[in-house]
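1. sequence plus predicted model, see below.
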Amino acid sequence: MLALVLVASPVPDGGARGACPAGNVAWKDDCLEEGGWTEDPVRCAGGMIVAHDGGAVCVKCEDIEAQQPLNLCLGREAARVDGALNVAYKALAHDAAAHLADLRKQERAWIKKRDATCAEEVDVGGSAAAGELASCQIRETQKRIAELAALRKKWLGH
């Protein structure tokens, strides 16, 4: 698998096209090496900026094949899903206070199970390990969000 590396150096004249050395693309106030990548949450919220054919384009996370930017995309998605889990958990803990002790016990058990499942599943080393771990955590966290929704229905009837 091809790994891309971000190489940036200050653009001498504030980012004018042509100010970068050959094989580089002006992007913001830096020079991005052809094939290099970086984040831009404003211009490319669902992917990575990739220097390509003399310009910088947004490549969506699902279309990225290089390991390092893919790992970063998966890490961002894992954080987003974890945030959604925290919202669901806090809402259920608030609304079903009578079941709080049981909910906490279940959540602790789920964390141990998730960690064990992902540790067992991620048997690759090197640069692929971070992406594999994030993928597992995303999947397991999405399952837990569904479990919390089922508990809400069971305990609160909605």
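-> Great, that's in hand. Residues are numbered from 1 along each chain as shown.
2. the residue lying farthest from the centre of the chain: what's it in contact with?
-> Relative to the centre of the chain, and counting by Cα atoms, centre = their mean, the farthest-placed residue is residue 98 at 34.5 Å. Contact analysis of residue 98 by Cβ atoms under 8 Å, 6 or more residues apart in numbering lists residue 155. Every C-beta, even on glycine, is put in place using the N, C-alpha and C of the backbone.
3. measure it to residue 67 for me?
-> 47 Å (Cβ to Cβ, to the nearest Å).
4. now stretch 68-83 - C-alpha only, PDB.
-> Extracted C-alpha coordinates of stretch 68-83, given in PDB (Å, rounded to 0.1, in the frame of the first residue of the first chain):
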ATOM      1  CA  GLN A  68      -1.800   7.400   6.800                       C
ATOM      2  CA  PRO A  69      -4.700   9.700   5.600                       C
ATOM      3  CA  LEU A  70      -7.100   6.800   5.800                       C
ATOM      4  CA  ASN A  71      -6.100   6.200   9.400                       C
ATOM      5  CA  LEU A  72      -6.700   9.900  10.100                       C
ATOM      6  CA  CYS A  73     -10.100   9.700   8.500                       C
ATOM      7  CA  LEU A  74     -11.000   6.600  10.500                       C
ATOM      8  CA  GLY A  75      -9.800   8.300  13.700                       C
ATOM      9  CA  ARG A  76     -12.000  11.300  13.100                       C
ATOM     10  CA  GLU A  77     -15.000   9.000  12.400                       C
ATOM     11  CA  ALA A  78     -14.300   7.000  15.600                       C
ATOM     12  CA  ALA A  79     -14.300  10.300  17.600                       C
ATOM     13  CA  ARG A  80     -17.500  11.400  16.000                       C
ATOM     14  CA  VAL A  81     -19.300   8.100  16.800                       C
ATOM     15  CA  ASP A  82     -17.900   8.100  20.300                       C
ATOM     16  CA  GLY A  83     -19.400  11.600  20.800                       C
END
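5. any idea how far it is from the middle of the chain?
-> 1 Å (Cα atoms, centre = their mean, to the nearest Å).
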